[in-house]
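> just a sequence and a predicted model for now, questions to come.
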Amino acid sequence: MPAYCSLCTSYMYPFWRAFTRKCIRRQLEVGRKRAACCSLLLTMAAVFLGGYELEHKHLECPANWESDYLSEEGCDDTADKLCLSPSAWTDVLERFKLAWSFWELSKKDKAREYLVECYMRLLPDPVFHKDCGLVGDYRPALRLVLDSTWAMMRVECVVDQHDAVNLNKFVASVQPLSKLDEKQRAAVYAIRGCLAPDQDRQRWLRKSIKLSPGEGQWGYYLGWMLQEDRHGKKTPSKEELRLLRNAYKLRKDPDSILRLARSLIECGPSRLAEAEALVEEALTLYPDHPRALTNGANLLARLRENSPAVLRRMHHLYKRAQTIVGDRAFIHLKLAALCFMSGMKEEGDEHLNFAFDLNPSVCKIFVENTGMPIRLD
């Protein structure tokens with residue numbers, strides 16, 4: 001790797017310049033740390049600028065954060081479920097995660113496509129952001145993260161001095177985190193926490209909550225992670241319940257309602273009535289939202305015995321979601337499970353095969369999580 005740095009200094013020789021870029025990209029493709037590779041590419045950009053270094057350290061983006069990223073199968077699964085996003089804010093974060101993951105997987109065109117879709121949610125027309133309060137409240141934080149990521153992606157596209165100068169101007173225009181107020185900085189920390197490796201997530205989310213304790217969304221993220229870390233095996237902690245209750249009060253959406261319901265179910269019989277009331281509230285407030293329909297159906301199975309009436313209602317909710325969002329692999333998988341539970345094996349097999357044809361990656365993840373047999377040929 002150090003040898004590539006010395007090659008960068010031979011910028012006056014186009015052959016060596018092209019060769020160096022090829023070597024660095026090879027490092028990216030074999031999975032070396034992106035931070036080191038980005039550093040080399042930044043060195044090359046600096047060479048094009050006549051030795052003037054790009055000021056990139058203030059950029060708030062996954063490349064500087066050393067964030068986690070999804071596998072190809074994880075990307076397929078996430079893309080299949082984008083329709084479940086409870087808000088435009090969540091939609092932006094999921095697409096941003098996909099953009100970064102595809103970039104790490106060397107699928108540059110897809111990465112840029114998803115990043116552009118993130119930018120579109122910042123446009124003033126409500127058709128893009130759906131009057132989402134979070135997007136409106138934290139537009140500067142989102143813009144900082146998106147601009148920073150765009151700049152770091154452009155580093156790999158610098159081929160001459162003209163590109164480098166334009167990139168340097170853009171990087172210089174990106175406002176540093178220190179210029180944002182506490183609420184906006186808290187939002188950046190929360191975004192960073194959502195993309196961080198498991199061992200770092202809580203640290204960044206707690207930092208965001210400390211800066212902006214009145215924002216329910218940051219508490220929701222921490223409550224969600226505490227819930228997931230239990231794997232349904234322990235009783236929810238007081239902190240988890242407090243965080244999810246605050247999110248329910250401050251940032252009510254299908255997910256915050258149903259996450260709280262799930263934790264209450266896992267508290268035991270004494271909380272089942274409250275949990276069931278929350279499920280019904282989500283289905284009443286959001287009768288056409290696929291998140292409410294699908295997750296509400298999932299929780300009904302945990303609240304009551306799988307009687308024919310319950311199975312019929314769950315089937316109705318999933319079919320309603322399918323009508324709204326169209327064919328999705330995860331919906332066909334759930335319908336398959338319901339058919340098997342109802343003794344309709346032939347129809348269940350049809351749903352399984354349909355799901356596999358739509359998205360094999362989603363099926364593989366579903367099988368790994370549930371143990372349900374499915375053809376994988």
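Sure, I can see it.

> could you find the residue nearest the spatial middle of the protein?
residue 94 (3.0 Å; C-alpha atoms, centre = their mean).

> who are the packing partners of the host helix or strand of it?
Taking DSSP states H and E as the definition, residue 94 sits inside helix 88-104. Under the contact criterion of 3 or more C-beta pairs under 8 Å, 6 or more residues apart in numbering; DSSP states H and E, helix 88-104 touches helix 72-80, helix 108-120, helix 133-137, helix 139-155, helix 182-195. All C-beta spots, glycine's among them, are computed from the backbone N, C-alpha and C.

> quick one: the second one to helix 139-155, angle?
Here helix 108-120 runs at 160 degrees with respect to helix 139-155, directions being taken by axes from the mean of the first three to the mean of the last three C-alpha atoms, to 10 degrees.

> buried ones in helix 108-120?
By neighbour count on 16 or more other C-beta atoms under 10 Å, the buried set for helix 108-120 is 110-112, 114-115, 117-119.

> outside of that helix, which residues touch it?
92, 95-96, 98-103, 128, 142, 146, 149-150, 153, 156 (C-beta atoms under 8 Å, 6 or more residues apart in numbering).

> again, 7 Å this time
92, 95-96, 98-99, 102-103, 128, 146, 149-150, 153 (C-beta atoms under 7 Å, 6 or more residues apart in numbering).

> and if you look at the third one?
Under the criterion C-beta under 7 Å, 6+ apart, residues 87-89, 92, 121, 129, 217 lie in contact with helix 133-137.

> and it, how far out from the chain middle?
With C-alpha atoms, centre = their mean, to the nearest Å as the basis, helix 133-137 stands 17 Å off its chain's centre.

> per-residue confidence averaged over that helix?
The pLDDT scores in helix 133-137 average 96.

> quick revisit: nearest to residue 186, of the buried residues of helix 108-120?
Nearest to residue 186 among these: residue 118, at 19.4 Å, using C-beta to C-beta.

> pull the contacting residues for residue 151.
Residue 151 touches 59, 167, 170-171, 174, counting by C-beta under 7 Å, 6+ apart.

> run the last query once more with 10 Å
Contact partners of residue 151, counting by C-beta atoms under 10 Å, 6 or more residues apart in numbering, are 54, 56, 59, 61, 63, 167-168, 170-174.

> just the buried ones from the residues you listed?
Applying 16+ other C-beta under 10 Å to the contacts of residue 151 flags 54, 56, 59, 61, 63, 167-168, 171, 174 as buried.

> any idea which of these the model trusts least?
residue 54 (62).

> state the distance from the nearest residue to residue 221 once chain neighbours are set aside to residue 186.
What sits nearest to residue 221 in space, not counting adjacent residues and going by C-beta to C-beta, 6 or more residues apart in numbering, is residue 205, at 5.3 Å. Distance, residue 205 to residue 186, using C-beta to C-beta, to the nearest Å: 10 Å.

> so what's the closest residue to residue 198 other than its chain neighbours scoring on pLDDT?
Leaving out its chain neighbours, the residue that sits closest to residue 198 by C-beta to C-beta, 6+ apart is residue 68, at 7.7 Å. Listed pLDDT for residue 68 reads 91.

> would you convert the contacts of helix 108-120 into JSON lines that also reports neighbour count?
Formatted as JSON lines, these follow (neighbours: other C-beta atoms under 10 Å):
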{"residue": "92", "neighbour count": "26"}
{"residue": "95", "neighbour count": "23"}
{"residue": "96", "neighbour count": "24"}
{"residue": "98", "neighbour count": "26"}
{"residue": "99", "neighbour count": "25"}
{"residue": "102", "neighbour count": "23"}
{"residue": "103", "neighbour count": "24"}
{"residue": "128", "neighbour count": "16"}
{"residue": "146", "neighbour count": "23"}
{"residue": "149", "neighbour count": "23"}
{"residue": "150", "neighbour count": "20"}
{"residue": "153", "neighbour count": "19"}
